[in-house]
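Colleague: model this:
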Amino acid sequence: LFLNNNNEEDKLKEDEEALLLSNIRVNGNHESLKYNNMNLASSSGKSYVFGIYVRRELRTLSDSDRDAFFDAAEIVFRVPTTEGQALYGSKYYSAGYYGAKHNVLSGNTNCDHMHDGLGFVTSHSALTLMFEQTLQAINPRVTVPYWDYTIDITAYELAGELSAFFDSPVFGEDYFGSAITMMNLEEEEATNETEEIKLPMIDEKTTLLQNGLNDETPKKSILKNGIYSLVVISTLLVVGATWTSSQTEKDSSLTESDYSFTAINSYGAFAEQYPFSGQYEMVEPHISTTLTATVNGVELDSSQNIVWQIETSTGEYEYPTGSSVVVIFQGTGKYALNWYSLTDTDDDASSSSQTLFKGFSNAKAPKFPNMAVESESGDSIVFSTYVRRELRTLSDTDRDAFFDAAEIVFRVPTTEGQATYGTKYYSAGYYGEKHNVLSGNSDCDHMHDGLGFVTSHSALTLMFEQTLQAINPRVTVPYWDYTIDITAYELSGELSSFFDSEIFGEDYFGSAVTTIPEDDIDDDTYAEGIVDPSGRILTGRFTKVEMSLDYWGITSNVYNAYGHIRSPWNNNNDPYVNRF
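Modeller: Below you'll find the predicted structure:
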């Protein structure tokens with residue numbers, strides 16, 4: 001029973017309320033029922049129910065909720081902020097307001113604040129929440145639904161027809177409406193007398209961007225068309241570009257856009273490993289990368305006289321030759337890159353004549369179609385970025401490099417390490433103490449309570465990674481997909497199958513669960529053959545990692561009773577790292 005005490009007309013009379021309350025008494029006890037799935041109770045003994053908004057996939061909304069969303073959204077997309085706030089209050093902002101905010105933050109000249117770096121999720125979440133609060137100022141029942149576009153992508157993949165994607169109800173009149181109509185593809189003579197495929201046409205009758213509103217369009221579909229027009233047209237351009245490029249083999253001559261290259265390292269092609277990288281050509285720093293020139297998607301053979309122009313980390317250029325070359329990018333960031341096909345008269349890779357392409361008179365490098373960014377000099381850009389992989393998928397070389405660097409961090413104090421590796425070096429004692437102070441402080445757990453969890457752990461992980469890279473710039477912090485090992489346990493029903501994982505092997509983190517050999521038993525601490533109950537790491541390179549503040553040369557106000565870097569309530573007196 002929910003009593004709306006904010007509306008005098010809905011209040012129950014005292015006698016009616018007493019009657020209702022008497023119906024939920026249990027054995028004469030005036031307390032509310034204690035539900036098994038509730039872990040919170042008030043000081044008075046009453047249990048709680050929680051009122052919370054739920055964001056659902058758009059197609060799962062009831063008709064009334066879907067109409068409520070679109071009705072509120074239509075107002076936002078029609079009514080300016082000043083007029084809207086006069087009607088709906090201070091939390092109302094127009095679509096123009098949100099569009100301008102996103103545009104300023106993403107289109108700023110210094111950087112894209114909306115999409116680059118760790119701010120992506122936070123900034124978009126903030127704007128979405130503000131937009132939702134605007135909708136709720138109009139109708140408090142409304143939430144912002146989400147679009148699970150994988151449903152529609154799957155329909156396209158199964159059908160093999162692009163129309164299957166646009167046949168989705170999401171683009172229907174009751175949702176966002178359609179901004180395109182697929183027409184028959186026709187060939188026409190271009191001015192350069194080459195054949196090209198026309199893009200799917202935009203239907204003039206339903207296009208809001210070209211002709212404004214159509215009198216025949218139902219009112220509710222007008223806004224819905226407008227909301228999605230930019231998204232759909234962007235998709236259209238991508239698809240059209242794909243169709244155009246697929247026809248290049250039919251052309252009698254090649255154009256600049258037919259020139260490209262592939263980048264492959266020991267893990268394979270970046271785009272194959274990470275399809276979401278999309279149109280950007282990505283490489284990894286400090287790892288040998290094979291660049292291969294391609295024309296119209298076909299790799300050039302070694303008989304081609306090819307020279308590359310590759311920017312270095314110092315801003316200068318190198319000019320390796322060959323259709324395939326092996327390079328190592330010495331850092332993260334953007335690098336200008338192009339390749340050239342030499343004419344018979346070319347004799348110097350760095351000369352001005354080198355900008356001529358075989359078969360072309362233009363003095364420019366080709367613009368590769370898979371590049372979204374070009375430098376001011378006209379070169380294409382590759383992006384060099386670190387990649388964090390699951391620990392077991394690392395090559396032997398990369399896994400050894402990670403553990404070799406980590407072992408130094410877990411052995412060498414900060415002062416000594418910075419003298420060798422520079423100011424970004426911090427010891428495991430430093431990171432342990434920082435985490436201990438923030439999570440074990442008497443006022444609150446700053447590491448794990450509230451919204452700071454992800455940010456604080458991401459920050460410490462990044463600092464730790466930079467320490468490792470101060471030792472070996474090739475190294476990244478891998479992750480452990482423990483669901484692999486949990487699944488092994490669930491399938492076998494034996495806990496030992498979890499600890500049999502290679503993660504706890506000598507080549508990884510070592511084991512804390514083992515039978516103690518007789519030769520390793522000292523001071524009669526353990527009887528021969530028993531399982532070590534101490535929690536110490538007994539195998540591998542992380543045995544006897546110190547936990548005392550004195551060893552790491554650290555002064556702290558948070559530690560346990562024995563002066564170890566442990567929570568104040570953890571009175572483990574073992575001087576070494578334990579795992580239980």
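
Colleague: can you pull out the helices in the stretch 351-500 of the chain?
Modeller: 396-409, 414-421, 428-440, 452-471, 483-492, 496-499 (DSSP state H, counting those that start in this stretch).

Colleague: who wins for proximity to Pro568 among those helices?
Modeller: With CB to CB as the criterion, Pro568 lies closest to helix 428-440 of the helices of the stretch 351-500 of the chain, at 5.8 Å. In this view, the C-beta of every residue, glycine as well, is placed from N, C-alpha and C.

Colleague: CA atoms only: put that closest one into PDB for me.
Modeller: The C-alpha trace of helix 428-440 is given here as PDB (Å, rounded to 0.1, in the frame of the first residue of the first chain):
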ATOM      1  CA  ALA A 428      54.300  -2.200  -4.300                       C
ATOM      2  CA  GLY A 429      54.600  -0.900  -0.700                       C
ATOM      3  CA  TYR A 430      53.600   2.600  -1.900                       C
ATOM      4  CA  TYR A 431      50.600   1.300  -3.800                       C
ATOM      5  CA  GLY A 432      49.600  -1.000  -0.900                       C
ATOM      6  CA  GLU A 433      49.800   1.800   1.600                       C
ATOM      7  CA  LYS A 434      47.800   4.200  -0.600                       C
ATOM      8  CA  HIS A 435      45.100   1.600  -1.000                       C
ATOM      9  CA  ASN A 436      45.200   0.800   2.700                       C
ATOM     10  CA  VAL A 437      44.900   4.500   3.800                       C
ATOM     11  CA  LEU A 438      42.000   5.200   1.400                       C
ATOM     12  CA  SER A 439      40.100   2.000   2.200                       C
ATOM     13  CA  GLY A 440      40.900   1.500   5.900                       C
END
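
Colleague: list the helices and strands it packs on?
Modeller: For helix 428-440, the elements it packs on are helix 452-471, helix 549-552, judged by 3 or more CB pairs under 8 Å, 6 or more residues apart in numbering; DSSP states H and E.

Colleague: got those as TSV, with distance to Cys111, mean pLDDT and mean neighbour count columns?
Modeller: Converted to TSV, the helices and strands packed on helix 428-440 look like this (distance: least, CB to CB, whole Å; pLDDT from 0 to 100; neighbours: other CB atoms under 10 Å):
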stretch	distance to Cys111	mean pLDDT	mean neighbour count
helix 452-471	18	93	16
helix 549-552	37	92	16
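
Colleague: Redo those as a markdown table? Include distance to Leu291.
Modeller: Shown next, in a markdown table, are those (distance: least, CB to CB, whole Å):
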| stretch | distance to Leu291 |
| --- | --- |
| helix 452-471 | 24 |
| helix 549-552 | 45 |
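
Colleague: circling back: closest to Ala86 out of the helices of the stretch 351-500 of the chain?
Modeller: The nearest among the helices of the stretch 351-500 of the chain, by CB to CB, is helix 452-471 at 37.8 Å.

Colleague: In terms of helices and strands, where is Ser567?
Modeller: In the assignment (DSSP states H and E), Ser567 maps to no helix and no strand.

Colleague: I'd say it and Asn436 touch.
Modeller: Yes: using CB atoms under 8 Å, Ser567 is in contact with Asn436, at 6.7 Å.

Colleague: okay, and the common contacts of those two?
Modeller: Val558 (CB atoms under 8 Å, 6 or more residues apart in numbering).

Colleague: Looking only at neighbour counts, state which of those two leads.
Modeller: Asn436 (22 against 15; other CB atoms under 10 Å).

Colleague: need the strands for the chain, in chain order.
Modeller: Using DSSP state E, the strands found in the chain span residues 187-189, 195-197, 259-265, 268-269, 282-283, 289-295, 298-299, 306-311, 317-318, 324-327, 333-341, 380-384.

Colleague: Which strands or helices does the last one pack on?
Modeller: Helices and strands touching strand 380-384, by 3+ CB pairs under 8 Å, 6+ apart, are strand 282-283, strand 333-341.

Colleague: same deal with the third one?
Modeller: Using 3+ CB pairs under 8 Å, 6+ apart as the contact criterion, the neighbours of strand 259-265 among helices and strands are strand 282-283, strand 289-295, strand 333-341.

Colleague: Just send these back as CSV, with distance to Thr555, mean pLDDT and mean neighbour count too.
Modeller: Shown next, in CSV, are those (distance: least, CB to CB, whole Å; pLDDT from 0 to 100; neighbours: other CB under 10 Å):
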stretch, distance to Thr555, mean pLDDT, mean neighbour count
strand 282-283, 44, 87, 19
strand 289-295, 46, 88, 18
strand 333-341, 38, 81, 21
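
Colleague: Now tabulate those in TSV and tack on distance to Val454.
Modeller: Formatted as TSV, the helices and strands packed on strand 259-265 follow (distance: least, CB to CB, whole Å):
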stretch	distance to Val454
strand 282-283	24
strand 289-295	32
strand 333-341	25
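
Colleague: Is Pro98 in contact with Leu129, as I believe?
Modeller: For residue 98 the amino acid is Tyr, not Pro. No: with contact defined as CB under 8 Å, Tyr98 and Leu129 do not form a contacting pair (11.4 Å).

Colleague: So between those two, which is more surrounded?
Modeller: Remark: of Tyr98 and Leu129, Tyr98 carries more neighbours, 18 against 11, as counted by other CB under 10 Å.

Colleague: give the contact list for the more buried one.
Modeller: 127, 130-131.

Colleague: For it, give its distance to Gln85.
Modeller: Note on Tyr98: its distance to Gln85, by CB to CB, to the nearest Å, is 14 Å.

Colleague: re earlier: for Phe69, which of the helices of the stretch 351-500 of the chain is the nearest?
Modeller: That would be helix 452-471 among those, by CB to CB, at 28.7 Å.

Colleague: tell me what the closest one is packed against?
Modeller: Taking 3+ CB pairs under 8 Å, 6+ apart as the contact cut, helix 452-471 packs with helix 396-409, helix 414-421, helix 428-440.

Colleague: Quickly, which of the ones you listed bottoms out on average pLDDT?
Modeller: Lowest mean pLDDT within the helices and strands packed on helix 452-471: helix 428-440, a mean of 92.

Colleague: Now Glu132: closest residue in space that isn't a chain neighbour?
Modeller: Val144 (4.5 Å; CB to CB, 6 or more residues apart in numbering).

Colleague: thinking the one you found is in contact with Thr134, fair?
Modeller: No: if you go by CB under 8 Å, Val144 and Thr134 don't touch, sitting 9.9 Å apart.

Colleague: Neighbour count for the two, which is higher?
Modeller: Shown here are Val144 and Thr134; by other CB under 10 Å, Thr134 has more neighbours (27 against 18).

Colleague: can you tell me how far that one sits from Thr122?
Modeller: As judged by CB to CB, Thr134 and Thr122 stand 19 Å apart.

Colleague: now swap in Ser496 and tell me
Modeller: Separation of Ser496 from Thr122 (CB to CB) stands at 42 Å.

Colleague: Kindly indicate which of the contacts of Tyr98 lies nearest Phe402.
Modeller: Leu127 (37.4 Å).

Colleague: ok, the closest one touching His102?
Modeller: Yes: between Leu127 and His102 there is a contact under CB under 8 Å: 6.5 Å.
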